[in-house]
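> let's see this in three dimensions:
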Amino acid sequence: MLNAFPRRKRPAPITSIENLEIRNLLTAISASLPAAIPESEPNDTLDQATDLGSSGSAVVDGSIDRNGIDVDWYSFTLLTSSEVTLDSTSGTIGLYNGAGHDVSDRLNPDGYRLLAQSSATDSDSASITRTLSAGTYFVAVSGKGNAYFYPFLANSGVAGDTGEYTLSFSSTALSAPGVGDPAPLSIEVSPLEVRVDFEGALSFTPTVELTGAGGAAIALAWTNVNTAISELQFAPNKALTPGDYTAVVKDSTGTVRMTMQVHLADPAARVPTDLGNDTAATAIDLGELDESGLLQIPGFIGDDPYYDLSSSSAAQRPGADVDLYHFHIGTTLPAGLIAEVFAGRVGSPLDAGLGLYHLNPVSGQLEFVTGNNQSFNSSKGTNGKAPLFNDPIVTSPLEAGDYYLAVSSGLNTPSVVENQTTGPGSGIFDPNQAYSGSIGTSTGGYILNLRTEFDATPVQVVSVSIADHSTLQTAPTTLTIGFSGYVNVLELARLANFQTGQNTIPGIYIQDQQGHTYVPHLTSFDPITFTAQFLIHDRLPSGGYQLHIDGSQGVATVEGVPLAVNASSIINFTVSTPAAGTAGNPLVWTHDPQTDSTPSTQALGVLFPNEVASVVEIVRATGSGSNRTNDQSDDYSFEVLKSGRYRVTVSGHGLPSGVPLQILDQQGHVVDMASTDDGLLNIVFLKAGSYVLHVGNWPASTSRSVGYQIDIDSSFVHDDAAPLSSGPVAAVGFRLFTA
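Numbers count the residues shown, from 1 in each chain. A predicted model of the protein is given here:
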């Protein structure tokens, strides 16, 4: 996996050739090669692509690093239709068009489509040759094994090879177009859409008539022309099956302008598949699974011609399509499955779902084990989208037997934690009955990633951010726990969130000497380092505590082996910190008059989540103290640990009418607030961080009569559902490459 990419070799200097003619020829060849330019970071996303210009050729020397998830992006511009050749000495290269978003293009929601991809072998380089119309195009270079990622989200693939590469780009202009309609340069055919790229813009508004074998007419759902890339697109009501078709293109007068032959290759060339593969009898067979590594299987939801976009029956809408995959587990060792569907991650419009079923050997029926509609991974790309959010992931321990993985659209998938259960009237498909779903809503391509693991070795705690027998001078706000391997804390947190709205983990808690329990809330789990991050919602008063990390309540490996007990399973520590708030009550803060004589900020410190959930009060009483001679405003600094909407309410008759209340961020910028009742009720969105609450200004002459109560509460702030994959790279990718 770590083989270095060889650099491009240039001709060696000629030092001993007697034949002057040969020497001059080799010198001329060397001089004709464009000088290689070095890779320039950052170039990890499509919008950061290094521009190779419009000269028609370029050479780049670069390298893939970051454990093989690095992707380097380049762009080039064609001034006229050309034949383009791309070569890389190693790794994988992908060619993308630069159309931009076209709302009429149903299968390309992001506007930048992968046109071709090639991976180098031990004996040959990665190479793509394609005829393209004028425009700007993009090239992605990644390590071999990292072929699927999101163009606008760095490090969103799986680990591939690392090392150096040389990328060469060259183009040859095509002959100038003759009189008449532009010629087609390429025709791409998928079951749900046909795309025809032309050498120039069409001068008429096209209509398309599509026929199959024997001249049978095929009804089209829609036709679209993407003028940015001179591309004609049309889609049938029913998915096309492999074979030959004829497309007749007419103008608005009905005159035939061109006739094209359209061929759909047999998908068996890329994955064994059968139409209607939604029951055990018709499932795609993957055979016996072992620890041989990651399987990546391409598929398509909506490619079964049983479904019809024009049908009034919900059961015949293409989003109800299901692809069922069968595999067998023969070992008696503890086994586990990690499976994930890439859809949004690869630019597909499919909102996918993933379900796992076990074959009951007695009844012969498929029984539901677990499922997931969406990971809720909110990592955002540079285009503002969250492409991983709707891509599902499933982990589960396995026993010996036969299993079935079902890929469908998200709503057509059972998922207990999302309250999507099967049964009469649910509309969710039944794998024991063909064509049984009726509520699927989306279609598109996907990549199914899966692997099984067999390991009886338990995982244990290897690090804790709170040291055993330590004394903390401030109440802790976060907790970090490192494990020796993958554990199911994300799955447990999502189940707890569904049941209680809180991301708590059974068995991980803090207990004081009186037996009172404080439960940290999971915020993330890093699948590379197996590190879990928690947020502590309660302020721990001074005293002694024990942190418990107990695997007997569900924390386990993907194979179902419980977390092992070791010396780090119980951590003893002490908190020694001054009491917060007024008279030891952190929910009430009294205005400090010392900040009036010499204007300064009163520090409230951290407002813990469970405190602001109960309302934190800031109280200033009216009075005639000498400190208020020059007093015209008050400032309070505070920190919140959770992002969300907060409510700030002002009450009391001592605050003059029209006096502003503002919240400023760390840069001194005023945070926007939605105010009602003359500013007495304010709703404000605060990101986790530090702020200053400013009240004022009032005339100094009235300062002795100023009094108020300000309440801060977080009734709008809840735990976000913990994603089943953490960060830009999904858990399945790294987990599968650590074995």
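> can you give me the strands in the stretch 351-500 of the chain?
352-359, 366-372, 393-398, 401-409, 444-454, 461-464, 470-472, 478-483 (DSSP state E, counting those that start in this stretch).
> can I get those in JSON lines including mean neighbour count, mean pLDDT and distance to V612?
(C-beta placed from N, C-alpha, C; glycine too.) Output for these, formatted as JSON lines (neighbours: other Cβ atoms under 10 Å; pLDDT from 0 to 100; distance: least, Cβ to Cβ, whole Å):
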{"stretch": "strand 352-359", "mean neighbour count": "25", "mean pLDDT": "96", "distance to V612": "36"}
{"stretch": "strand 366-372", "mean neighbour count": "21", "mean pLDDT": "95", "distance to V612": "32"}
{"stretch": "strand 393-398", "mean neighbour count": "22", "mean pLDDT": "92", "distance to V612": "33"}
{"stretch": "strand 401-409", "mean neighbour count": "23", "mean pLDDT": "96", "distance to V612": "39"}
{"stretch": "strand 444-454", "mean neighbour count": "23", "mean pLDDT": "90", "distance to V612": "40"}
{"stretch": "strand 461-464", "mean neighbour count": "17", "mean pLDDT": "97", "distance to V612": "27"}
{"stretch": "strand 470-472", "mean neighbour count": "13", "mean pLDDT": "97", "distance to V612": "22"}
{"stretch": "strand 478-483", "mean neighbour count": "19", "mean pLDDT": "98", "distance to V612": "17"}
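> for these, which one sits closest to V71?
Nearest of those to V71, taken as Cβ to Cβ: strand 444-454 at 15.9 Å.
> got the angle between the closest one and strand 352-359?
Put simply, strand 444-454 runs at 40 degrees to strand 352-359, going by axes from the mean of the first three to the mean of the last three Cα atoms, to 10 degrees.
> can you list the strands of the stretch 351-500 of the chain in a markdown table and add distance to D512?
Output for these, formatted as a markdown table (distance: least, Cβ to Cβ, whole Å):
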| stretch | distance to D512 |
| --- | --- |
| strand 352-359 | 41 |
| strand 366-372 | 36 |
| strand 393-398 | 34 |
| strand 401-409 | 45 |
| strand 444-454 | 39 |
| strand 461-464 | 18 |
| strand 470-472 | 13 |
| strand 478-483 | 15 |
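> for those, which one sits closest to N572?
strand 470-472 (8.6 Å).
> name the SS class of D596, please.
Classification of D596 using DSSP: H, G, I helix; E, B strand; the rest coil returns helix.
> no wait, F638
strand.
> how many neighbouring residues does it have?
For F638, the count of nearby residues is 22 (other Cβ atoms under 10 Å).
> neighbours around the closest residue to it other than its chain neighbours, how many?
Nearest non-adjacent residue to F638, counting by Cβ to Cβ, 6 or more residues apart in numbering: L604, 4.3 Å away. Close neighbours of L604, defined as other Cβ under 10 Å, add up to 18.
> correct me, but L604 touches S637?
Yes: between L604 and S637 there is a contact at 6.5 Å, judged by Cβ atoms under 8 Å.
> which stretches in the stretch 401-550 of the chain count as helices?
Secondary structure of the stretch 401-550 of the chain (DSSP state H, counting those that start in this stretch): helices at 489-500.
> quick check: bridge partners of F525?
A532 (DSSP bridges).
> that one and A314, how far apart?
38 Å (Cβ to Cβ, to the nearest Å).
> more neighbours: the two, which one.
Between F525 and A314, counted using other Cβ under 10 Å, F525 has the larger neighbour count: 26 against 14.
> can you pull the contacts of the more buried one?
By Cβ atoms under 8 Å, 6 or more residues apart in numbering, F525 lies in contact with V487, V489, L490, T531, A532, Q533, A722, S726, A731.
> 6 Å instead, please
V489, L490, A532, S726 (Cβ atoms under 6 Å, 6 or more residues apart in numbering).
> ok, now how distant is it from T480?
11 Å.
> for Y691, same thing?
25 Å.
> please apply the same query to L114.
38 Å.
> now do the helices in the chain.
Assigned helices in the chain, in chain order: 20-32, 489-500, 594-597, 609-612, 731-736 (criterion: DSSP state H).
> ok, now which ones touch the residue nearest in space to the middle of the chain?
Central residue of the chain (Cα atoms, centre = their mean): L388, 2.4 Å from the mean position. Neighbour list for L388: R345, N377, S379 [criterion: Cβ under 6 Å, 6+ apart].
> so what's S378 up against?
Contacts of S378 by Cβ under 6 Å, 6+ apart are A386, F389.
> ok, now with 10 Å
A386, L388, F389, D720, A721, P723 (Cβ atoms under 10 Å, 6 or more residues apart in numbering).
> just the buried members of those residues?
When the contacts of S378 are checked for burial by 16 or more other Cβ atoms under 10 Å, the buried set is A386, L388, F389, A721, P723.
> which one of the residues you listed sits closest to S542?
Distances from S542 to the buried ones among the contacts of S378, taken by Cβ to Cβ, are shortest for A721, at 34.3 Å.
> just for the protein, where's the confidence low?
1-34, 100-101, 103, 177-178, 267-275, 624-629, 653-654, 677-679, 716-717, 729-739 (pLDDT under 70).
> which residues does G353 form a beta bridge with?
S408.
> hey, what's P397 bridged with?
Bridge pairing for P397 - DSSP bridges - gives G336.
> isn't it right up against G336?
Yes: in this structure, P397 is within contact of G336 by Cβ atoms under 10 Å, at 5.3 Å.
> what sits in contact with each of the two?
Common neighbours of P397 and G336 (Cβ under 10 Å, 6+ apart) are E453, N488, A556, T557, V558, E559, G560, V561.
> taking those one by one, which sit in strands?
E453 (DSSP state E).
> filter the shared contacts of P397 and G336 to the buried ones?
E453, N488, A556, T557, V558, E559, V561.
> what number of residues lie near the closest residue to the third one other than its chain neighbours?
Which is A556. Excluding the flanking residues, the one nearest A556 by Cβ to Cβ, 6+ apart is P562, at 4.9 Å. Using other Cβ under 10 Å, P562 has 17 neighbouring residues.
> pretty sure P562 contacts G551?
Yes: using Cβ under 10 Å, P562 is in contact with G551, at 4.2 Å.
> okay, and the common contacts of these two?
P458, V459, V487, G507.
> among these, who's most crowded?
Neighbour max across the shared contacts of P562 and G551 (other Cβ under 10 Å) = V487, 27 neighbours.
> phi and psi next, for it.
phi -130, psi 160 (degrees, to the nearest 10).
> renumber starting at 742 from here on
Yep, numbering from 742; the last one is V1228 now.
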